[in-house]
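Undergrad: pasting the sequence and the predicted coordinates here, then a few questions.
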Amino acid sequence: MHNNGRTDASGLPEADRDEGWIAERQYEVLRAISEVEKRTLLANILGTALIVGIAQMLPNGRAFLLPAVFRFVAILLTAIVYERMRKEISESRSIQRTITAGMAVGVLGGSSWALLLMPLLLEPSLHPAAFLVFGGIMICVSLVITNTSSTLHIWAPFTIAFLATAGIGLAAAPGDFALVMGPGLVLVFAAVSLFSFGAAKQRIVAADMLVQNMRLGEELAEALSQAEFLATRDPLTGLYNRRAIFEHKLHAEALCDPGHMMVIDVDRFKRVNDKFGHDRGDRLLIAIAASFRDGLRELDGDTHFAARLGGEEFAVFIDVPDVDDAIAIAEDLRLRIENLANQEKLPAGLATASIGLSPLRKGETVGDALQRADDALYEAKSGGRNKVCYNPA
């Protein structure tokens, strides 16, 4: 993806933000908002109850009771929506319907706080409790705005509902009081909004950093997995490599005593590379490796394995104790490779297989068996190639 050189506050290139990144960031922002809502639920309930309790000191205290019921209903529905949101995010499910529900409870929440403010607007009072109630409501509203400002889908409905409902109350308030309270309320709300936007920016930056760290972690895990694979596997054929045979002692899992080890060399393979090119030679080696997998898959058990020793030389271990059975399996692999050469329409004698076979007994090293099999391979090469020779020593 083209990088235009610009970075955001987190120091990350803007061009790196694909749709997947944006979706992950939204998940993390909503996760943070819902966690705050969960942890502050009790404080929300107690705060509302305290505000309503203090309001009972006012002459019109009973006017707060119905808005309080509406406010507690809003708290309950908001908690349900955010709990559902947390569950969907944890299960990586779509949250679009829940966001729509969040917009609805945002409207409900904003209007419920404004309705709780309504008795103060309709019947102004200089009683100290009035100042405490007004201050408590504005603090609670400010906290909600700050928490949700990083997601406009929730912040905007809450804010608009609060301002619209409060505006209705101011329109019905006594004239002199409305002239003073209206601009004051707007200024307070503007200051809170400016602060909340700064907090929102910081939360989005934190979410971006979290998404970046998660992606780097995934890339690192993939790189480590690939490194572990390449440590024991041949990168061209996917078979085990020489290191796997000697250091990881794959033969140690064998059930039979003895098993049998083959060393297989592709006859005149250099001529294939020289005449037809290395690409075709590589494709032939890959096909040969696949034929080994197919052949071993047909055997009972899962302790057989094949490895590429280097170049056009392979090792195949079969967990088969009987000599005649082992020779028959070696012949089958030889014929598979010969058929591949015929399918590739290679000249006669090219890319057939010479195979040396030897027992691998419990207690001896794989190097001993490979050496005996290599001696048998030399015998097969000297005897005309494209054959199987057995060395029991």
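TA: Looks like it came in fine.

Undergrad: looking at this protein, which helix is longest?
TA: Using DSSP state H, we find that the single longest helix of the chain is helix 175-232.

Undergrad: same for the helix or strand following that helix, what does it pack against?
TA: Where DSSP states H and E defines the elements, the next helix or strand beyond helix 175-232 is strand 240-241. For strand 240-241, the elements it packs on are strand 305-310, judged by 3 or more Cβ pairs under 8 Å, 6 or more residues apart in numbering; DSSP states H and E. Bear in mind the C-beta positions are built from the backbone N, C-alpha and C, glycine included.

Undergrad: now the strand it packs on: average pLDDT?
TA: The pLDDT scores in strand 305-310 average 93.

Undergrad: what are the boundaries of the helices in this structure?
TA: 19-39, 41-55, 65-90, 96-122, 128-148, 152-172, 175-232, 242-247, 269-276, 278-297, 323-343, 366-382.

Undergrad: what's the most buried one of those?
TA: helix 96-122 (a mean of 21; mean count of other Cβ atoms under 10 Å).

Undergrad: what's the angle between that one and helix 41-55?
TA: With axes from the mean of the first three to the mean of the last three Cα atoms, to 10 degrees applied, the angle from helix 96-122 to helix 41-55 works out at 20 degrees.

Undergrad: pLDDT of helix 96-122, averaged?
TA: Helix 96-122 comes out at a mean pLDDT of 93.

Undergrad: give me the angle between it and helix 65-90.
TA: 160 degrees.

Undergrad: who does helix 96-122 touch, helix- and strand-wise?
TA: Using 3+ Cβ pairs under 8 Å, 6+ apart, helix 96-122 sits against helix 41-55, helix 65-90, helix 128-148, helix 152-172, helix 175-232.

Undergrad: can you do 6 Å?
TA: If contacts are counted by 3 or more Cβ pairs under 6 Å, 6 or more residues apart in numbering; DSSP states H and E, helix 96-122 sits against helix 65-90, helix 128-148, helix 152-172.

Undergrad: I'd like the distance from that helix to the chain centre, please.
TA: 36 Å (Cα atoms, centre = their mean, to the nearest Å).

Undergrad: repeat that for stretch 336-352.
TA: Its chain's C-alpha centre and that of stretch 336-352 lie 45 Å apart, by Cα atoms, centre = their mean.

Undergrad: measure that stretch end to end?
TA: 9 Å (Cα to Cα, to the nearest Å).

Undergrad: for that stretch, give the mean pLDDT please.
TA: 88.

Undergrad: nearest the geometric middle of the protein, what residue?
TA: E218 (6.4 Å; Cα atoms, centre = their mean).

Undergrad: picking up where we left off before, could you redo the helices and strands packed on helix 96-122 as TSV and give each row mean pLDDT and distance to E344?
TA: Formatted as TSV, the helices and strands packed on helix 96-122 follow (pLDDT from 0 to 100; distance: least, Cβ to Cβ, whole Å):
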stretch	mean pLDDT	distance to E344
helix 65-90	93	53
helix 128-148	92	67
helix 152-172	91	61
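
Undergrad: closest one to G281 among the ones you listed?
TA: helix 65-90 (51.2 Å; Cβ to Cβ).

Undergrad: for the closest one, packing partners?
TA: helix 19-39, helix 41-55, helix 96-122.

Undergrad: of all the ones you listed, which one is nearest R271?
TA: Nearest of the helices and strands packed on helix 65-90 (Cβ to Cβ): helix 19-39, 49.6 Å.

Undergrad: so what touches that closest one?
TA: With Cβ atoms under 6 Å, 6 or more residues apart in numbering as the test, helix 19-39 has contacts from 82, 85-86, 89, 147, 150-151, 207-208, 210-211.

Undergrad: just send the helices and strands packed on helix 96-122 back as a markdown table, with distance to D374 too.
TA: What follows is those, written out as a markdown table (distance: least, Cβ to Cβ, whole Å):
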| stretch | distance to D374 |
| --- | --- |
| helix 65-90 | 57 |
| helix 128-148 | 72 |
| helix 152-172 | 70 |
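
Undergrad: to L299, which of those lies closest?
TA: helix 65-90 (45.0 Å).

Undergrad: what angle do the closest one and helix 128-148 make?
TA: 20 degrees.

Undergrad: next, the angle from helix 65-90 to helix 19-39.
TA: 140 degrees.

Undergrad: distance check, the residue nearest to the centre of the chain against G367.
TA: Distance of E218 to G367, given as Cβ to Cβ, to the nearest Å: 40 Å.

Undergrad: mind checking which of the helices and strands packed on helix 65-90 is nearest F195?
TA: Closest of those to F195 is helix 19-39, at 15.9 Å (criterion: Cβ to Cβ).

Undergrad: could I get the closest one in PDB with only the CA atoms?
TA: The C-alpha coordinates for helix 19-39 follow below in PDB (Å, rounded to 0.1, in the frame of the first residue of the first chain):
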ATOM      1  CA  GLU A  19     -10.700  -1.100   6.700                       C
ATOM      2  CA  GLY A  20      -9.700  -4.000   8.900                       C
ATOM      3  CA  TRP A  21      -7.600  -1.700  11.000                       C
ATOM      4  CA  ILE A  22     -10.500   0.800  11.400                       C
ATOM      5  CA  ALA A  23     -12.900  -2.000  12.400                       C
ATOM      6  CA  GLU A  24     -10.400  -3.300  15.000                       C
ATOM      7  CA  ARG A  25      -9.900   0.200  16.400                       C
ATOM      8  CA  GLN A  26     -13.600   0.700  16.700                       C
ATOM      9  CA  TYR A  27     -13.800  -2.600  18.600                       C
ATOM     10  CA  GLU A  28     -11.100  -1.500  21.000                       C
ATOM     11  CA  VAL A  29     -12.700   1.900  21.600                       C
ATOM     12  CA  LEU A  30     -16.100   0.400  22.300                       C
ATOM     13  CA  ARG A  31     -14.500  -2.300  24.500                       C
ATOM     14  CA  ALA A  32     -12.900   0.500  26.600                       C
ATOM     15  CA  ILE A  33     -16.200   2.500  26.800                       C
ATOM     16  CA  SER A  34     -18.200  -0.600  27.800                       C
ATOM     17  CA  GLU A  35     -15.600  -1.500  30.500                       C
ATOM     18  CA  VAL A  36     -15.900   1.900  32.000                       C
ATOM     19  CA  GLU A  37     -19.700   1.700  32.000                       C
ATOM     20  CA  LYS A  38     -19.500  -1.700  33.700                       C
ATOM     21  CA  ARG A  39     -17.100  -0.500  36.400                       C
END
